[in-house]
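Novice: what would the 3D arrangement of this be:
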Amino acid sequence: MKPISVLFFGSQGAGKGTQVKMLMDYLQSKSDRAIIRLDMGQELRNLRDTGTYAGKLTGEIIDAGLRIYDFMAIYLQTKKVIDTFTGEQHVIADGLARGADQTRAFDDMMSKFYKDGFVVINLVINDDTAVKRLLARGRNDDTEEAIRTRLAWTKTDVMPQLELLKERGRQIIEIDGEPDVNTIHKEILVKLGLS
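Specialist: Model prediction:
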């Protein structure tokens, strides 16, 4: 299997993390290639937990449910790829491309490092489903107010990035994120040509 690169899109609570894990498990069962996992939410939580000045600022932004500064997101995503990518791994990313600058940075990086480009999977759910799912996972930054704030900037800042990626020639695959996780996983595998 040749390496694949997938960028997951969708609002918070759409199930991106679950589908990323299921795709990674599938790839590991079918391929000996390593996988680079770019999870911006986890990278930001890791930075918050360092106790540094940047970590403190990041924690304040996360707790308020706001979008992280573009320069921080660009730094974290590019550093991880520059430090680890050999040209042979699968790349699975989510939580990236949250504004035009982040989107262009990710797309530019992948077009140079990953010559075959990448596919975008957009998991689509409604806001009420997102709130219900996020409250159920019980993370301390998941208050209903913070969730609804994040959903609002997802609509204004994140979803327009799909159009920018489309203009740059990226394939966008829309997937209904409402059904059960196995149904969604099977559809993703079919759309990626993996089953």
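Novice: helices of the chain, residue ranges please.
Specialist: 16-30, 40-48, 53-63, 70-84, 100-113, 127-137, 144-153, 160-167, 181-191 (DSSP state H).
Novice: would you turn the ones you listed into CSV with mean pLDDT?
Specialist: Shown next, in CSV, are the helices of the chain (pLDDT from 0 to 100):
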stretch, mean pLDDT
helix 16-30, 96
helix 40-48, 93
helix 53-63, 93
helix 70-84, 93
helix 100-113, 92
helix 127-137, 93
helix 144-153, 89
helix 160-167, 94
helix 181-191, 98
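Novice: JSON lines for the ones you listed, including mean neighbour count and distance to L7?
Specialist: Every C-beta, even on glycine, is put in place using the N, C-alpha and C of the backbone. Converted to JSON lines, the helices of the chain look like this (neighbours: other Cβ atoms under 10 Å; distance: least, Cβ to Cβ, whole Å):
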{"stretch": "helix 16-30", "mean neighbour count": "17", "distance to L7": "10"}
{"stretch": "helix 40-48", "mean neighbour count": "18", "distance to L7": "11"}
{"stretch": "helix 53-63", "mean neighbour count": "15", "distance to L7": "21"}
{"stretch": "helix 70-84", "mean neighbour count": "16", "distance to L7": "11"}
{"stretch": "helix 100-113", "mean neighbour count": "18", "distance to L7": "7"}
{"stretch": "helix 127-137", "mean neighbour count": "15", "distance to L7": "19"}
{"stretch": "helix 144-153", "mean neighbour count": "16", "distance to L7": "18"}
{"stretch": "helix 160-167", "mean neighbour count": "15", "distance to L7": "8"}
{"stretch": "helix 181-191", "mean neighbour count": "15", "distance to L7": "13"}
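Novice: mind putting those in a markdown table, distance to V91 included?
Specialist: Formatted as a markdown table, those follow (distance: least, Cβ to Cβ, whole Å):
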| stretch | distance to V91 |
| --- | --- |
| helix 16-30 | 11 |
| helix 40-48 | 13 |
| helix 53-63 | 23 |
| helix 70-84 | 8 |
| helix 100-113 | 7 |
| helix 127-137 | 25 |
| helix 144-153 | 25 |
| helix 160-167 | 15 |
| helix 181-191 | 16 |
